[in-house]
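A.B. asks: Below are the sequence and a predicted model for it; my questions follow.
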Amino acid sequence: MSSPDSSDSPQVKFIHEWGQGFENRDLGQIEKHLHKDYRHTTLPRSLGQPEETREQWLEHFGRVLGFMTGSEVGYINHCSNPLRRG
């Protein structure tokens, strides 16, 4: 199995770079992968939030990034058996 760093697939490289932008809180890296006609829609629509253009979303998300301090996520390996002893 290949890793994102060693894959030649443009799709894998795109997803890897996009994820790195969020992980590094790098708005420029996120912005570089957004289409010029990007539109952000908040769901559910019943919240009444208006659709945002690329520029509006980047401005809004840039403010959100300023509050983020990092994230750590724990996980259990999907092959783990919690009933197994030993």
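C.D. replies: Everything's here; your move. Numbering: from 1, shown residues only.

A.B. asks: tell me which element Trp18 falls in.
C.D. replies: helix 10-23 (DSSP states H and E).

A.B. asks: Residues in contact with the next helix or strand after that helix: which ones?
C.D. replies: Next helix or strand after helix 10-23 toward the C-terminus (DSSP H and E): helix 27-31. With contact meaning CB atoms under 8 Å, 6 or more residues apart in numbering, helix 27-31 is reached by Glu17, Trp18, Gln20, Gly21, Phe22, Leu58, Phe61, Gly62, Leu65. In short, each C-beta sits where N, CA and C put it, glycine included.

A.B. asks: Just name whatever secondary elements the next helix or strand after helix 27-31 is in contact with.
C.D. replies: Sequence order places strand 39-40 as the next helix or strand after helix 27-31, per DSSP H and E. Packing partners of strand 39-40 (3 or more CB pairs under 8 Å, 6 or more residues apart in numbering; DSSP states H and E): strand 52-53, helix 54-67.

A.B. asks: try 7 Å
C.D. replies: Using 3 or more CB pairs under 7 Å, 6 or more residues apart in numbering; DSSP states H and E as the contact test, no helix or strand touches strand 39-40.

A.B. asks: What is the distance between it and the centre of its chain?
C.D. replies: 15 Å (CA atoms, centre = their mean, to the nearest Å).

A.B. asks: For the contacts of helix 27-31, work out which two are farthest apart.
C.D. replies: Glu17 and Gly62 (18.1 Å; CB to CB).
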